[in-house]
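S.K.: any chance you can model this:
(one chain, ligands or ions: 1)
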Amino acid sequence: MDPAETTATASVLLSLAPTAPPTPPPTLALVGQQQEDKEHQAAEEEDAFPIKVTMLPNKGRSYVATRTILPQELIFVAEAFGTTMCDPWLDCGICHYCWAEIRDRKAQIRLPSALTASAKGTRIGPGTETGSKEKKAGRGRKQETVMVFCDETCLEMYGPEVAEMICRVEDKIRRTWSDSGARAWKLKMEPCKESTAKVGPDTPSTSSATTTTAPHYSDLIKQALATADTKKRILELSDTDLALFLDTTWSAFDGLISEQESWLTHPTTTTASTNTTATNKNDNQRNTRQHSHTQAQCEALYPKLAKLLLEGNNQATIAPKTSDDDCETIRLISEILHRRQIDMRTATSGMMYEGTGVVIKQGRESVKALAIAVSNNDEKLAGSHGDLLRGGQRATFKDYCAMQSNELILFRQQLQEDIDSQDEQSDDDEQGQEQEGQDTQHKGYKHSQESRHDTSMRQWRTLISILPNHLLGCFYVYLRLRDAYLLLAYENATTPPSDTPSYQEHQITLSIDSTFFRTILYREVANSFGIRDSSDELLGFAVFPRASFFNHSCRPNIQKKRRQSSRAVRARQMEYWSTSVIKEGEECCISYGDISTGVGERRARLDDMYFFWCSCPRCLEEEELESI
Ligand SMILES: C[S@@+](CC[C@H](N)C(=O)[O-])C[C@H]1O[C@@H](n2cnc3c(N)ncnc32)[C@H](O)[C@@H]1O
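M.R.: Residues are numbered from 1 along each chain as shown. Got it, this is the predicted structure:
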């Protein structure tokens, strides 16, 4: 079958929207008829989708065939919800929306410089990139953060405000965290406030509007240590207890950060406009002084916090620059956060996706609840996924949350690696820590002279010393992101309205808390797909929530292909094709990366990267052959 032909057919199938029948008068007979029509339509739609999500023993959710599938059938097309381009390829002539190499340089649009003009009325001019492989290799990359798009259509599809936001976030992420800058802010070590200011994604971090009473971080640190006070004890925790331990640890981290943030002098838009319009010289001087002081504070806060919270007895040193890998992660998280906000806006305006927004717009708590529901109730969720598929191609944040979170398994893997790599000396340290932990718990009188803050900080250091380095790396990325959002929120609050960036007009909220951060971060792990160009070079990564239910087999019956981008098909989509006859009820599997190696190597790689020991028919056969 010709791929191009089936592509078109599948698009039609996937965008199957029920044709609205003329609205009849509400008589009982017609209500019955409508019901029948609906059932008929549902049965037809069921036919259109040859796969459904189901639970399989030891494999979690998986797609299985709902009918016999013939070879070379296009099963479905998934659209990326979040993407991130590998660092060396940024600004090298790959469109950030459709991921096509930009050949027609006249149609190239660049961000952020071109955005303001384009938002007002288009400035598409000749680009400066050649798009050559030499450039792609990363040579000649400029320092400024830019995103390039084929043209206005691609920019529009990507979302100009999201693109601008990502460029601005990236500029902040790449700033150097220097000691000299950090001197401007002295962390306040006064007795802590009892009520912890919680800054959530729906509460801009510079706003003091919402404060919820949450346990104080000092209690949370104690609670985490009471759950487990050595690496080995953490490893022994059940899933539920480990989840609680991580929740408590991250909440303590949030509490420590939020307390310091709450000491900042908050800039307000009122002050900003007063500053620009005041005729009184003294007022102007006072405001300018206050602003420059606050800006210095904002710039210094997070570098200081990183030193205070991540260094200490863990012998970690804080990198002044964010690594390229971390920038890629942050770009992905930012895009997903902003897409969620667009979902919310769409839901609020009641335009599309009924149902979805009702849950999501309630904010952080709903996402937490949703994440818990997903992990506790996979079966129920699996059942509802047929609806998601039928709903159309465009994924939403709810779909993203439905993906498997790999936080616990990744944490255990990293902790085990840390333990394995410990030498005898560190084993001694561990025993020392164990002793110290017990001392902290049972012989509190030893430190009776300490202030409450000092005690908390000492206990915090004990806590981070038993966490895997990988988690400290996640803490660092989180601080970087919050730092960027704080600085941007400050800029927004102090920018005169006429210079307001478009993302502010669109009300993209600049804030994140650890619940959202973890929700996004640990679902990307083992669920994202590499995006490659025609010569198989890795350009970046994308998350396709609805494709994330394909399990792996070393003898796959489904093949994924990047949808060829053209002016007619403007999308960053992945197609899934059958490669053989698949019987009704049979599992539909893709392969996760290279399967050309031997069984041992394959299994080790899958275990390391995707956290499972492959027992597919091919692995079992090869294992048996090897044992003969
Ligand atoms: C992209 S997700 C696939 C969907 C997943 N099963 C779920 O419930 O969301 C990848 C994860 O699925 C599981 N998985 C995939 N293929 C598997 C296989 N052949 N055997 C066991 N587990 C597998 C692993 O936990 C892996 O990290």
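
S.K.: residues near the closest residue in space to G60 that isn't next to it in sequence, how many?
M.R.: Leaving out its chain neighbours, the residue that sits closest to G60 by C-beta to C-beta, 6 or more residues apart in numbering is Q404, at 6.2 Å. C-beta here means a position set from N, CA and C on the backbone, and glycine is covered the same way. Residue neighbour count, defined by other C-beta atoms under 10 Å, stands at 19 for Q404.

S.K.: what does the one 5 residues further on give?
M.R.: Around I409 sit 17 other residues, with neighbours defined as other C-beta under 10 Å.

S.K.: just to revisit the earlier point, which helix or which strand is home to the residue nearest to G60?
M.R.: Under DSSP states H and E, no helix or strand contains Q404.

S.K.: I figured it hits F550, correct?
M.R.: No: assessed by C-beta atoms under 8 Å, Q404 is found out of contact with F550, at 11.9 Å.

S.K.: got the phi and psi for T396?
M.R.: Torsion angles at T396 (phi, psi; degrees, to the nearest 10) stand at phi -120, psi 180.

S.K.: and what of V148?
M.R.: phi -110, psi 150.

S.K.: doesn't H96 fall inside a strand?
M.R.: No: read with DSSP: H, G, I helix; E, B strand; the rest coil, H96 is coil and lies in no strand.

S.K.: and the closest residue to it other than its chain neighbours, how many neighbours does it have?
M.R.: Spatially, and ignoring its direct neighbours in sequence, H96 is nearest to M147 (4.5 Å; C-beta to C-beta, 6+ apart). Counted with other C-beta under 10 Å, the neighbours of M147 add up to 26.

S.K.: what residues are up against M147?
M.R.: Residues counted as contacts of M147 (C-beta atoms under 8 Å, 6 or more residues apart in numbering) are 90-91, 96, 110-112, 163, 166-167.

S.K.: please name the bridge partners of the residue in the stretch 51-200 of the chain positioned nearest to the ligand.
M.R.: Going by C-beta to the nearest ligand atom, the ligand is nearest to G60 of the stretch 51-200 of the chain, at 2.8 Å. For G60, the beta-bridge partners are L56 (DSSP bridges).

S.K.: compute the distance between it and P112, please.
M.R.: Distance, G60 to P112, by C-beta to C-beta, to the nearest Å: 41 Å.

S.K.: neighbour count winner among the two?
M.R.: The neighbour comparison of G60 against P112 (other C-beta under 10 Å) goes to P112, with 19 against 13.

S.K.: thinking the more buried one is in contact with V148, fair?
M.R.: No: assessed by C-beta under 8 Å, P112 is found out of contact with V148, at 11.2 Å.

S.K.: related to what we said a few turns ago, next up, phi/psi of the residue nearest to H96, please.
M.R.: Backbone geometry at M147, expressed as degrees, to the nearest 10, gives phi -130, psi 140.

S.K.: S62 now?
M.R.: Main-chain torsions, S62, degrees, to the nearest 10: phi -160, psi 160.

S.K.: which SS state does L539 fall under?
M.R.: Classified using three-state DSSP, L539 is strand.

S.K.: tell me who's in contact with it.
M.R.: Neighbouring residues of L539 by C-beta under 8 Å, 6+ apart: 85-86, 89, 94, 99, 531-533.

S.K.: could you export these as TSV, including secondary structure, pLDDT and distance to the ligand?
M.R.: Formatted as TSV, the contacts of L539 follow (DSSP: H, G, I helix; E, B strand; the rest coil; pLDDT from 0 to 100; distance: C-beta to the nearest ligand atom, whole Å):
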residue	secondary structure	pLDDT	distance to the ligand
M85	strand	92	21
C86	coil	91	20
W89	helix	85	24
I94	strand	88	25
W99	coil	87	20
I531	strand	88	16
R532	strand	85	18
D533	coil	82	23
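
S.K.: which of those residues are buried?
M.R.: By neighbour count, with 16 or more other C-beta atoms under 10 Å, the contacts of L539 hold 85-86, 89, 94, 99, 531, 533 as buried.

S.K.: and those residues, which is closest to L467?
M.R.: Set against L467, the nearest of the buried ones among the contacts of L539 by C-beta to C-beta is C86 (28.2 Å).

S.K.: ok, that closest one - contacts?
M.R.: 324, 328, 538-541.

S.K.: same check on K222?
M.R.: Listed by C-beta under 8 Å, 6+ apart, the contact partners of K222 are Q459.
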